[in-house]
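Participant: Below are the sequence and a predicted model; questions follow.
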Amino acid sequence: MIRGMVNALVSRALLITSAVGLATTVAVLAAQVPQTQPPPAGGRGGAPQTRGLPPMGAGPKDVPLVEIESAERGKKVWATECITCHGTQARGTDNGPNVVRSMVVLRDRYGSQLGPYLKKGHKMQSGASAATLTDTQIRDLANFLRDRVNDSLRGSPLFQAQNVLVGDAKAGADYFNGAGNCTTCHSPTSAPLAGIGSRVEPIDIQQRFLFPGPQGGRGGRGARAGGPPPASAVKVTVTPASGAAVSGVLIAMDDFNVTLRDASGEYHTIRRGPSVKVVKDDPLAAHHALLETITDKQIHDVVAYLETLK
Amino acid sequence: MKRVALLACAIVCAAVLVGTAQTGVDSAKMLKPGTDSWPSYNGDYSGRRFSTLTKINDSNVNSLSLAWVYRLNPGAGGTTNPGAIKGTPLQVNGVMYLTAPDHVWALDARTGREIWHFAWQSKGGIHIGNRGAAILGDYLFFETPDCNLVSLNIKDGRERWHKEICDLDQFYYGSVAPVVIKNHVIAGVSGDDLDVPGYLQAHDPETGELQWRWYVVPQKKGEPGSETWPNEDAMRHGGGMTWQAVTYDPELNQMYVTTGNPQPVIAHVNRAGANLFTASIVSLNPDTGKMNWYFQSSPHDTHDWDSTQTAVLFDGTINGQTRKLVAQAARNGHFFVLDRTNGTAIVSSEYVKTNWAKGYDEKGQPVPNPEKHPQIAGALVSPNQGGAANWPPPTFNPQTGLFYVNANRAFSVYYIYDPGDNPQGWGGTDRGGWGESMLQAVDYKTGRVKWSHRWEGGSRAGLLSTAGNLLFSGGASSDLVALNATTGDALWHAGLNASVSNGAITYELDGLQYVVVGAGDTLWSFVMNERSSARR
């Protein structure tokens, strides 16, 4: 969709909400995603703590939020009566189907579908009939299973990078000092690399050396008035047909105009034309060029090497 | 459902009726739409988004004037903020029909005045965008985020009927522009959070009743394509959303459907195989929903590269012979030209450089490099998840013989987050990214990029080409840009205060040619006035 751009916009985390947190969440998303709170749990005071708002407002407005305490209790019921056939994550085993993809679970609202299904007498791993489950146990299972559905979603607690530290540090050092040409600008004993292994997670080391600076290589925040631009800001020099050249941090450029802020902080927009010379200077050009040549092994090796810089 | 605004007042109505009659479009006009209208998502069934109008041309485009501006007005009864214009409006008999999630507006195409507004009371779903409406006769059809296909009367915006086309509990939603072919309203579905199958449906324009449903992925072992899935569970949850408006060749009676990526999206270990008919161009019979042929643009995709970019139809000359062709600039960075009678590939090429394929198979389909599938420790891949192209429409100009597409050459690292043997949903994603953006003019005969126009600040806008040797695109700085279609030189632009968020359309009314484009929440209409346009 075409989404495409849809996916790029996906929220990073399934929101963990409390009674207070929910109010904040709703306020932020109200324009797009009104949220239905779960019905109050019977016999307990106050609204239960919940989590599990799907990203981008996916699903119906009354998608059930997970009651956290109930889901924890449901986990125990699951381990006792269900896990052997349906698996730890409820995604099925050779002995039983995937439950998180079942319509009973996807249509369920705190046991509304699961209850009648289990009351038919589904055989459980203890040998007992599911008809013996109490309403509270069914609600707990329903919350546990909605949590497992949510495991599938982007932003869930399981939606996390795994170990990226798989490279050869020695080979990474060789690349750093050799083919990568990193030492043209960088030293392992000076900023920003000195001690990076103790300050930055490996995946962030990987991301930062592949994609440093503001995305797209534009001036970004550094182009704003006030404060010096970052070293990574793209510079531009514009030389008109007559008159002096103007240099500064690039703010914007299209086919018709180029906009920059000079060292004194002055803002310039200059009309482009055949006689106007525009020269860009991107301090990160070597990093961008690296993307054309570096192999995945070299990436992992460099991460392993930089991670040793404690 | 409730319509929240009627004809504003008698004075407005009278003014509207002087040059505008809210009458619809019949099937004959759908087959040969005049230059005074833009009656379907792509303007006509071909998907070319090429207009024969020449009143605005490469020698006078610098005199293009602002005609009117309309900012989305959700009214008091709307339940949701309409967001940005991410669809293509229709224009029929002087009335423009504009959509956003849960909203439809009828506007006077000469003045931009709102004639009526319809707001749907939503039950949920992702409100990321709505691509547009379809019209047949006096009836309009559009999809809602909460999975309904809704029909309105175009005279007053009153609802005629609505039909549920998908299931919110499975996290489907509606965003696609329907297309009317004969007596079929063709509607696709959206959604890729849970692992659910994509499908396309046909509905009766009169009653809304379902006529047929075609599943993108097989639902049972033994069905065509099921041999490319490991088991029934995988194929039945294999994704393949139908995000894009279809195109159609009336002579062949073939409809061209472009399909989404397989599920789980990134972690793919439990769906070994090509995963047909995801990420494909598929020819269907619009009367039955039966498949004629398929071509898979991205076999076993693992990068969220749906192949739902428009299948563009034109006739061309290949080795001295006139051929019926279909072309696509796919999200994965590859350009395909096929014989649209049977799906045989004629050209397979890259329209931007990519790093994920090892070449092409005997059918002209890319062969994925397994090393560039997402990896636990990361794999550097180009294009990134956003793709070399995405939903914004390309254009084909038969006069230049060039296929134009706004392209991104971007890199990112793809990670497997769920290393288990039965991942669900996404199970990974890409992170980071650096890229460049350019408008590519591709020679359909060779697949080679004839010229490339770089956008310094990036652009993903949709495109329009005209016989005035013009190409309209969103530019790098929230502007609408007119380029010389032959050379790619930028000729004119206008700042719109927001990036162009759809593809421009054009039409002629009262002898004046208009170009209309959406940017954020605002629709901008430009016109080439007559030399002597003074009025008393």
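Facilitator: Perfect, I can see it now. Numbering: from 1, shown residues only, chains lettered A, B, ... in the order given.
Participant: which residues in the stretch 151-300 of chain B form helices?
Facilitator: For the stretch 151-300 of chain B, the helices defined by DSSP state H, counting those that start in this stretch occupy B:232-236.
Participant: Near chain A, which residues of it are found?
Facilitator: Within the stretch 151-300 of chain B, the residues that sit near chain A (C-beta under 8 Å from any C-beta of the partner chain) are B:168-171, B:173, B:175, B:190-195, B:233, B:237, B:241, B:243-244, B:260. Glycine gets a C-beta too; all of them are placed from N, C-alpha and C.
Participant: interface residues of the stretch 201-310 of chain A facing chain B?
Facilitator: Residues of the stretch 201-310 of chain A lying close to chain B by C-beta under 8 Å from any C-beta are A:203, A:206-207, A:210-211, A:215-218, A:252-257, A:287-288, A:291, A:294, A:296, A:299-300.
Participant: Which members of these are positioned in helices?
Facilitator: A:Ile203, A:Gln206, A:Gln207, A:Leu210, A:His287, A:His288, A:Leu291, A:Asp296, A:Ile299, A:His300 (DSSP state H).
Participant: Pull the number of nearby residues for the nearest residue to A:Arg271 once chain neighbours are set aside.
Facilitator: Nearest residue to A:Arg271, sequence neighbours excluded (C-beta to C-beta, 6 or more residues apart in numbering or on different chains): A:Asn257, at 6.0 Å. Neighbourhood size, A:Asn257 [other C-beta atoms under 10 Å in any protein chain shown]: 15.
Participant: What of A:Thr134?
Facilitator: A:Thr134 has 9 nearby residues by other C-beta under 10 Å.
Participant: now it: how far from chain B?
Facilitator: 26 Å (C-beta to the nearest C-beta, to the nearest Å).
Participant: mind giving me the domain split of chain A?
Facilitator: A:5-151, A:169-212+A:286-307, A:215-223+A:234-283 (automatic domain parsing).
Participant: Now render these as TSV, adding mean pLDDT.
Facilitator: Shown next, in TSV, are the domains of chain A (pLDDT from 0 to 100):
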stretch	mean pLDDT
domain A:5-151	79
domain A:169-212+A:286-307	97
domain A:215-223+A:234-283	86
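Participant: how about those, which one is nearest B:Arg213?
Facilitator: domain A:5-151 (17.2 Å; C-beta to C-beta).
Participant: and the closest one, how far out from the chain's middle?
Facilitator: When distances are taken as C-alpha atoms, centre = their mean, to the nearest Å, domain A:5-151 is centred 23 Å away from the chain's centroid.
Participant: same question, stretch B:53-72
Facilitator: Per C-alpha atoms, centre = their mean, the centroid offset for stretch B:53-72 relative to its chain is 23 Å.
Participant: ends of it, how far apart?
Facilitator: Length of stretch B:53-72, first residue to last, C-alpha to C-alpha, to the nearest Å: 28 Å.
Participant: Which residues does it contact?
Facilitator: With contacts defined as C-beta atoms under 8 Å, 6 or more residues apart in numbering or on different chains, stretch B:53-72 is touched by B:35, B:82, B:85, B:98, B:100, B:103, B:105, B:107, B:110-112, B:114, B:466-470, B:482, B:484-485, B:491-492, B:494, B:506-508, B:511-515, B:521-529.
Participant: same check, this time on stretch A:293-301
Facilitator: So stretch A:293-301 is contacted by A:164, A:166-169, A:171-172, A:175, A:179-180, A:206, A:210, B:371, B:375, B:377-380, B:413 (C-beta under 8 Å, 6+ apart).
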